[in-house]
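In: build me a model:
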Amino acid sequence: ACHLGIISRVHRRLSDIERQSVRSGSVYCFDEREAGMRRWTDGKSWSPSRVTGSFLTYRELDDSPNPAATGAAKTVYRPDGLLKQSFSITTSDNKKLHLISYYTNEDVASERLFETPSRDPRFANIVIPKGIYPE
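Out: Below you'll find the model as predicted:
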């Protein structure tokens, strides 16, 4: 969709104001060279990644100070926090593309995020040309 111009890519790091607008349902895509960045930053604290299919999944951490917490107890997931999934791929012409999405378990369970890529009419007629992406 980004390659065809149906949705836009991010061309730079998010500003502080843009970071504050990251919410469940936000999706970003960037090309490493075009954006001049290799890693995505959003200003939030995240757990270590876990592999979920083709994605890396992260859980938002609670930054609230807890003076009683020590060691591993300091790592606390934020109640009703976001989950972040990232997917990266290198095209046949060596472009490194990254897709980052955010959601909450509640939004997924309640189907508030019903506009999944497979149901989005903007993507219905996309035909991915052979040879652009690895099999």
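In: contacting residues for the residue lying closest to Asp63 once chain neighbours are set aside?
Out: Sequence neighbours aside, Ser45 is the residue nearest to Asp63 in space, at 5.4 Å (criterion: CB to CB, 6 or more residues apart in numbering). In this view, the C-beta of every residue, glycine as well, is placed from N, C-alpha and C. Going by CB atoms under 8 Å, 6 or more residues apart in numbering, Ser45 touches Glu60, Leu61, Asp63.
In: just give me the least confident of those residues.
Out: pLDDT across the contacts of Ser45 is lowest for Asp63, at 82.
In: okay, now it: neighbour count?
Out: 10 (other CB atoms under 10 Å).
In: which helix or strand contains it?
Out: Using DSSP states H and E, Asp63 sits within no helix or strand.
In: run a quick neighbour tally on Pro48.
Out: Neighbours around Pro48, by other CB under 10 Å: 8.
In: distance of it relative to Val27?
Out: Distance of Pro48 to Val27, computed by CB to CB, to the nearest Å: 22 Å.
In: Glu106 belongs to a helix?
Out: Yes: according to DSSP: H, G, I helix; E, B strand; the rest coil, Glu106 belongs to a helix.
In: pretty sure it sits against Asp80.
Out: Yes: with contacts counted by CB atoms under 8 Å, Glu106 reaches Asp80, the gap being 6.8 Å.
In: where does Arg13 land in three-state SS?
Out: From three-state DSSP, the assignment for Arg13 is coil.
In: where in this structure is pLDDT low?
Out: Along the chain, segments meeting pLDDT under 70 span 65-74, 114.
In: check contacts around the spatially most central residue of it.
Out: Residue closest to the average C-alpha location in the chain (CA atoms, centre = their mean): Ile100, at 1.9 Å. Neighbour list for Ile100: Val27, Tyr28, Cys29, Trp40, Asp42, Lys84, Gln85, Ser86 [criterion: CB under 8 Å, 6+ apart].
In: any idea how far the first one lies from Arg9?
Out: From Val27 across to Arg9, the span is 11 Å (CB to CB).
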